[in-house]
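In: any chance you can model this:
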Amino acid sequence: MNSNRISEPTPELWSRIKKSDQTAFNHLYLLYWKQLIKKAYNIVREEKAAQDVVQEVFIDLWERREHLVVNNFAAFINTAVKYKSLSYLKSKNLKVVHIEVLSKLPELYYEVDNQANELKAEVDQAVRQLPDGCRNIFELSREKQLSNQEIADRLKISKRTVETQISKALKFLRKEVLTIF
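Out: As a prediction, the model looks like this:
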């Protein structure tokens with residue numbers, strides 16, 4: 001048999017395999033596994049992965065043997081190895097990307113946490129610069145989460161005054177915080 005070309009199994013061998021004859025299947029495997037591992041290796045470039053690819057193709061072949069119609073075994077098996085090899089590469093690349101992303105998460109979390117803390121400190125500093133009345137209204141709104149009406153009732157001022165003071169505070173904070181960053 002030419003080592004570069006996969007020949008067709010005999011109809012008798014294929015018939016025995018379709019009838020779940022493990023000896024016939026083992027014979028088929030022994031006939032083709034070396035050539036198929038070379039083919040898989042040319043794609044995946046890893047010996048162990050190439051062996052796994054071929055083994056998975058033969059497992060799939062065995063599991064589907066009773067319902068499988070193969071008119072051209074060489075084309076079928078070569079195509080199966082090719083696609084299984086490409087599938088392996090795709091999953092390997094995804095795993096590498098996932099590992100890279102996951103390995104950077106603690107670093108990213110630390111960085112984001114630091115930036116959030118810095119921003120909070122800058123906002124707190126800017127809030128302390130607000131006039132007392134404006135700061136008090138802003139803190140009641142944002143920290144105590146009181147509604148504008150509740151603030152107005154508590155401070156005995158109009159709701160419109162509360163809205164105006166919150167608007168002034170936000171405008172000042174945007175200006176102060178945006179110039180920092």
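In: just say helix, strand or coil for residue 68.
Out: Under DSSP: H, G, I helix; E, B strand; the rest coil, residue 68 falls in the coil class.
In: quick one: the lowest-mean-pLDDT helix or strand in the chain to chain centroid distance?
Out: In the chain, no helix or strand scores lower on mean pLDDT, DSSP states H and E than helix 73-128, which sits at a mean of 83. Distance, stretch centre to chain centre, for helix 73-128: 6 Å (Cα atoms, centre = their mean, to the nearest Å).
In: after it, heading C-terminal, what element do we hit next?
Out: Toward the C-terminus, helix 73-128 is succeeded by helix 132-142 as the next helix or strand (DSSP states H and E).
In: can you pull the buried residues of that next one?
Out: 134, 137-138, 140-141 (16 or more other Cβ atoms under 10 Å). In short, each C-beta sits where N, CA and C put it, glycine included.
In: save those residues as JSON lines, and put in distance to residue 55 and pLDDT too.
Out: Output for these, formatted as JSON lines (distance: Cβ to Cβ, whole Å; pLDDT from 0 to 100):
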{"residue": "134", "distance to residue 55": "73", "pLDDT": "94"}
{"residue": "137", "distance to residue 55": "72", "pLDDT": "95"}
{"residue": "138", "distance to residue 55": "67", "pLDDT": "94"}
{"residue": "140", "distance to residue 55": "69", "pLDDT": "95"}
{"residue": "141", "distance to residue 55": "66", "pLDDT": "93"}
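In: what's the closest of these to residue 157?
Out: Residue 157 lies nearest to residue 137 out of the buried residues of helix 132-142, by Cβ to Cβ, at 8.3 Å.
In: what's the closest non-adjacent residue to residue 134?
Out: Excluding its sequence neighbours, the residue lying closest to residue 134 (Cβ to Cβ, 6 or more residues apart in numbering) is residue 165, at 4.8 Å.
In: next: residue 86.
Out: Leaving out its chain neighbours, residue 86 is closest to residue 43 (Cβ to Cβ, 6+ apart), at 6.7 Å.
In: quick check: the one you found touching residue 83?
Out: No: using Cβ atoms under 8 Å, residue 43 is not in contact with residue 83, being 9.8 Å away.
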